[in-house]
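Visitor: for reference, the sequence and a predicted model appear below.
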Amino acid sequence: MLNQLLRFTLVSSALLWLRPRWRGLLALVAFVLLVHVLHGEYLGYVELSGNRDFLVWSYLLKWLALVCGVLAYFLLAVMGVGRARGNMPPEQPAARQEQARPPRQDDGFDFLRDKKELHSRAQMLLEREERRGN
C-alpha cells in the first residue's frame with residue numbers, strides 16, 4: 001500500500017515537472033540524437049576513407065555542440081531568457097472618463113446607501129445592550 005502511494009506520488013510529481021518543459025526537452029533530445037548520428041556518420045566515413053586528420057576536431061566539435069545545446073536549453077527553458085515577461089511596452093493609461101451612472105432605480109437598498117456608517121448585527125446588539133445598561 002505504501003509502495004503504491006510512493007510510486008503514485010513520484011509519477012505525479014514527475015508529470016507535473018515535465019508538463020511545462022516537455023517541448024524543450026524533446027527539442028534537446030532531438031538535437032543530441034542528431035549530433036550523435038552526424039558524428040557517427042563522420043566516424044563511418046573516416047573508417048572507410050582512412051583519413052584521420054580531423055578526427056580530434058570532430059570530437060571537439062561534437063562536445064562543443066552538445067554543451068552549447070544544453071546551455072541553450074538551460075538559458076531558454078529554465079532561466080526564462082527571451083520570454084516576453086518584461087518585454088511588454090508599458091501600458092498607456094486610458095483617458096479618464098467620468099463614468100456615467102445610470103439613473104438611480106429603487107432596488108430596495110437605498111436606505112443602506114444613504115447611511116454614513118453601516119453596523120453589523122453584533123454591533124447593533126452591543127449598542128442596544130449599552131443603551132439598556134446606562
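Guide: Here it is on my side, so go on. Treat the numbers as computed from the prediction; the structure is a model and nothing was measured.

Visitor: following element in sequence after the least confident helix or strand in the chain by mean pLDDT, please.
Guide: Within the chain, no helix or strand scores below helix 110-113, which has a mean of 78 by mean pLDDT, DSSP states H and E. Using DSSP states H and E, the helix or strand that follows helix 110-113 in sequence is helix 121-133.

Visitor: other residues contacting that next one?
Guide: Residues outside helix 121-133 that contact it (C-beta atoms under 8 Å, 6 or more residues apart in numbering): residue 119. The C-beta positions use only the backbone N, C-alpha and C, and glycine is treated the same way.

Visitor: over to stretch 6-18?
Guide: In contact with stretch 6-18 (C-beta under 8 Å, 6+ apart) are residues residue 25.

Visitor: pull the longest helix from the protein.
Guide: helix 22-49 (DSSP state H).

Visitor: mind listing what's buried along that helix?
Guide: 28, 31, 35, 39, 42 (16 or more other C-beta atoms under 10 Å).

Visitor: how about those in CSV, adding distance to residue 126 and pLDDT?
Guide: Below are the buried residues of helix 22-49 laid out as CSV (distance: C-beta to C-beta, whole Å; pLDDT from 0 to 100):
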residue, distance to residue 126, pLDDT
28, 66, 93
31, 71, 96
35, 77, 97
39, 83, 96
42, 88, 95
